[in-house]
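Trainee: from the sequence below, what's the structure:
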Amino acid sequence: MKKCFLLIAFCLVSLSLAWAEPFLSTQGPIMEKTEEMSLIVVNERSIVVAPSTQITDQKGRDRRFRHLKPGRWVLVEAEPDEDSRMVATRIVLIRKK
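Mentor: A predicted model of the protein is given here:
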């Protein structure tokens, strides 16, 4: 009985920690950008850039959607919305190394 309880507790803790992390974290060059839909494509994944998306450069300076250009390298953290679209919560402009 104790083993079962410990297993359930461990699973619940693991799940709660998993939700603290972004659903998707990826980096790479912006392959495409669609102004009308506020959409970028990174690593063949379409990502919606919402008004609430935090966009910064590596030094932490605020940036805007207009700074996201095809070919620029970015780090993207995103989560699915109710329509199963990936919506960026954070985008950081990075330099290619």
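
Trainee: what about residue 24, how many neighbours?
Mentor: 18 (other C-beta atoms under 10 Å). Where you see a C-beta, it was placed from the backbone N, CA and C, and this is true even at glycine.

Trainee: tell me how far it lies from residue 42.
Mentor: Between residue 24 and residue 42 the distance is 10 Å, computed by C-beta to C-beta, to the nearest Å.

Trainee: with residue 71 instead?
Mentor: 11 Å.

Trainee: can you check residue 30 too?
Mentor: Taken as C-beta to C-beta, the span from residue 30 to residue 42 is 6 Å.

Trainee: which one's more surrounded, those two?
Mentor: residue 42 (25 against 20).

Trainee: the residue most central in space within the chain: what's it in contact with?
Mentor: For the chain, residue 77 is the residue whose C-alpha lies nearest the centre (C-alpha atoms, centre = their mean; 1.7 Å). Residue 77 sits next to 22, 24-25, 88-91 when contact means C-beta atoms under 8 Å, 6 or more residues apart in numbering.

Trainee: export stretch 35-54 to CSV, keeping only CA atoms.
Mentor: Provided in CSV are the C-alpha atoms of stretch 35-54 (Å, rounded to 0.1, in the frame of the first residue of the first chain):
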residue,chain,number,x,y,z
GLU,A,35,2.5,39.5,-41.1
GLU,A,36,-1.3,39.1,-41.5
MET,A,37,-1.5,36.1,-39.1
SER,A,38,1.4,37.1,-36.8
LEU,A,39,3.0,33.8,-37.5
ILE,A,40,6.6,32.6,-37.8
VAL,A,41,8.0,29.2,-38.8
VAL,A,42,11.0,27.9,-36.9
ASN,A,43,12.3,24.4,-37.4
GLU,A,44,9.3,23.6,-39.7
ARG,A,45,6.9,24.5,-36.8
SER,A,46,4.3,27.2,-37.2
ILE,A,47,4.2,29.5,-34.2
VAL,A,48,1.7,32.2,-33.5
VAL,A,49,3.1,35.4,-32.1
ALA,A,50,0.4,36.9,-29.8
PRO,A,51,0.3,40.4,-28.5
SER,A,52,1.2,39.0,-25.1
THR,A,53,4.4,37.2,-26.4
GLN,A,54,7.5,38.6,-24.7
